[in-house]
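Enquirer: predicted coordinates and the sequence they were generated for:
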Amino acid sequence: MVLPIARLAGESKADEQARSARGTLNGAMQKLEALSETRSALDAERLSLVDARERARSAAREAREGERQLALGVESKRTAASSLDAAIARIATQIAQIDQRRRQLEESQNEAQLPIPKLEEELRLHLDQRVLVDQRLSAARLSLENLDLKLRKHDHERQRIDHQLAQSREKKSQAQLREQAIRIKAEALEQALAAEGFNAEAVLADIQAGADLAVWEARLTEIEQRIKRLEPVNLAAITELHEQVQRKDYLDAQHADLNEALATLDDAIRKIDRETRTRFKETFDRVNIGVQELFPRLFGGGHAYLELTGEDLLSTGVNIIARPPGKKPASIGLLSGGEKALTAVALVFAIFRLNPAPFCLLDEVDAPLDEANVGRFSQMVLEMSKSVQFLVVTHNKVTMEAANQLAGVTMREPGVSRLVSVDLAEATRLTQAA
């Protein structure tokens, strides 16, 4: 009996454990269901958070893109401003060169115009004399026109006299006919007078002298001779010839004076050209020596020189042949940007050594240069600053270290810019004192 009781007790304990396990399982299942619901809620929340994160990332990307666009715009504006500053600097340099060229031309013009006032005075005197001669010639022409007018009047008078002569001849013929008739009538009258006992000579003596036919014939002959003498003869030809000879002599003298003046001007032009060639050749040689000296110092080696493109010094051009270290000689157009900049600096500094100006503006010349070339460039600027004041626009720290004063623009507040100037010597002294 003892054994069965023990088996029942063991079965009861197993059932109790089973029930306990079922209860635990049911609790776990309930917790699992609760956790599943929590997981679903958390998944939904995670999905919403993921969407929010994606939206935030998209907004951040858009913000970064907008910031990049703004940075590009600012850089573009800055580049445009730099380009404008460079263009202004080039224009200022060109204006200075033009002013210098204008002064040179004015000096050349003043030198060339030295004999001009004398020539103008002589020309004015000659023109005054020419005006007097022209007035005399006008008076002579007027006299000639008056003589032509008188000649035409005489021609008209001759024509009138010819007409009168024709009429006189007609009258003469008629008079002859009348004379014949009168003679016949006179004979008849003589016969009648003789018949009447009168003397014809006594009757003719009583007739007036103006009615004599011989007087009319004599007057007619005289008129014919006068008409023949009125032929077209220029009586003033000798006087006119003398005046034209005098005028020719005067014009020949003027022509000789003008030729002499032209010869004087040609001599002056040749003198100016000769002096210009001499001064250009001397300046070219001195600048060429300066380029040959400064180029190796700026490049740390190599050599460069200037050469003329033509034989005529008045119209020739100038080429720059540069050979940086490790390169063959080439025209400046075949060099890189930094090499072009240093070659141009060598030429400009050579010119400034020959004829120093009050100041020299260098606008970001060191931008295409590396650190070694910037150091040599800064050293050269520092050396040249003993005779020329340099204004250097730069962003390079090495170039700034070689300057005596720095000037820049800062913007402490949005939209408000301010000019800042620093005296490096004073700043160093204050730093050492502190």
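Expert: Thanks, I have the structure now.
Enquirer: can I get the CA coordinates of stretch 409-420 in CSV?
Expert: Extracted as CSV, the C-alpha positions of stretch 409-420 are listed here (Å, rounded to 0.1, in the frame of the first residue of the first chain):
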residue,chain,number,x,y,z
VAL,A,409,38.5,94.7,-45.8
THR,A,410,36.6,92.8,-43.1
MET,A,411,32.9,92.3,-42.4
ARG,A,412,32.2,92.1,-38.7
GLU,A,413,28.5,92.6,-39.2
PRO,A,414,26.4,91.3,-42.1
GLY,A,415,26.4,93.9,-44.8
VAL,A,416,28.8,96.3,-43.1
SER,A,417,32.4,96.2,-44.4
ARG,A,418,35.3,97.9,-42.7
LEU,A,419,38.8,98.8,-43.9
VAL,A,420,41.6,97.4,-41.6
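Enquirer: show me what it is in contact with.
Expert: Outside stretch 409-420, the residues that touch it by Cβ atoms under 8 Å, 6 or more residues apart in numbering are 407, 408. The C-beta positions use only the backbone N, C-alpha and C, and glycine is treated the same way.
Enquirer: quick check, residue 261 in contact with residue 118.
Expert: No. Counting by Cβ atoms under 8 Å, residue 261 does not reach residue 118; the two are 9.0 Å apart.
Enquirer: the more surrounded of the two?
Expert: Taking other Cβ atoms under 10 Å, residue 261 and residue 118 do not tie; residue 261 has more neighbours (17 against 11).
Enquirer: what helix or strand is residue 387 on?
Expert: Secondary structure assignment for residue 387, by DSSP states H and E: no helix or strand.
Enquirer: which one is it nearest to, not counting chain neighbours?
Expert: Computed as Cβ to Cβ, 6 or more residues apart in numbering, the closest residue to residue 387 that is not its neighbour in sequence is residue 356, at 4.9 Å.
Enquirer: show me the strands in the stretch 201-350 of the chain, by range?
Expert: Ranges of strands within the stretch 201-350 of the chain are 303-308, 318-323, 330-331, based on DSSP state E, counting those that start in this stretch.
Enquirer: which stretches in the stretch 251-400 of the chain count as helices?
Expert: 337-354, 371-384, 397-401 (DSSP state H, counting those that start in this stretch).
Enquirer: now the strands of the stretch 201-350 of the chain as CSV including mean neighbour count?
Expert: Shown next, in CSV, are those (neighbours: other Cβ atoms under 10 Å):
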stretch, mean neighbour count
strand 303-308, 17
strand 318-323, 17
strand 330-331, 12
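Enquirer: need the per-residue pLDDT for residue 392.
Expert: Looking at residue 392, its pLDDT is 87.
Enquirer: number of residues surrounding residue 172?
Expert: Residue 172 has 16 neighbours, counted by other Cβ under 10 Å.
Enquirer: likewise residue 343?
Expert: The tally of other residues near residue 343 (other Cβ under 10 Å) stands at 23.
Enquirer: tell me the most buried of the helices of the stretch 251-400 of the chain?
Expert: helix 337-354 (a mean of 19; mean count of other Cβ atoms under 10 Å).
Enquirer: tell me which residue is most central in this structure.
Expert: The chain has residue 98 as the residue nearest its centroid, 11.2 Å off, counting by Cα atoms, centre = their mean.
Enquirer: how close does that residue get to residue 104?
Expert: Distance, residue 98 to residue 104, by Cβ to Cβ, to the nearest Å: 11 Å.
Enquirer: who's the spatially closest residue to residue 292 that is not a sequence neighbour bridged to?
Expert: Spatially, and ignoring its direct neighbours in sequence, residue 292 is nearest to residue 305 (5.6 Å; Cβ to Cβ, 6+ apart). Counting by DSSP bridges, residue 305 forms beta bridges with residue 321.
Enquirer: tell me the contacts of residue 305?
Expert: Contacts for residue 305 (Cβ under 8 Å, 6+ apart) come out as 288, 291, 292, 321.
Enquirer: hmm, back to that, ok and the strand or helix carrying the residue nearest to the centre of the chain relative to helix 337-354, angle-wise?
Expert: Secondary-structure element containing residue 98, defined by DSSP H and E: helix 2-112. Going by axes from the mean of the first three to the mean of the last three Cα atoms, to 10 degrees, helix 2-112 is angled at 30 degrees with respect to helix 337-354.
Enquirer: can you give the distance of helix 2-112 from its chain's centre?
Expert: Computed by Cα atoms, centre = their mean, to the nearest Å, the chain-centroid distance of helix 2-112 equals 60 Å.
Enquirer: likewise for stretch 129-147?
Expert: Chain-centre distance of stretch 129-147: 48 Å, with Cα atoms, centre = their mean.
Enquirer: if we can go back for a sec, which helices and strands does the helix holding residue 98 pack with?
Expert: Applying 3 or more Cβ pairs under 8 Å, 6 or more residues apart in numbering; DSSP states H and E, we find helix 2-112 packed against helix 237-299, strand 359-363.
Enquirer: paired strands for the shortest one, with orientation please.
Expert: Strand 359-363 has these partner strands in its sheet, going by DSSP bridges: strand 389-393 (parallel).
Enquirer: so what touches the strand it pairs with?
Expert: So strand 389-393 is contacted by 85, 89, 358-365, 381, 384, 399, 403 (Cβ under 8 Å, 6+ apart).
Enquirer: now with 7 Å, please.
Expert: Under the criterion Cβ atoms under 7 Å, 6 or more residues apart in numbering, residues 85, 358, 359, 360, 361, 362, 363, 364, 381, 399, 403 lie in contact with strand 389-393.
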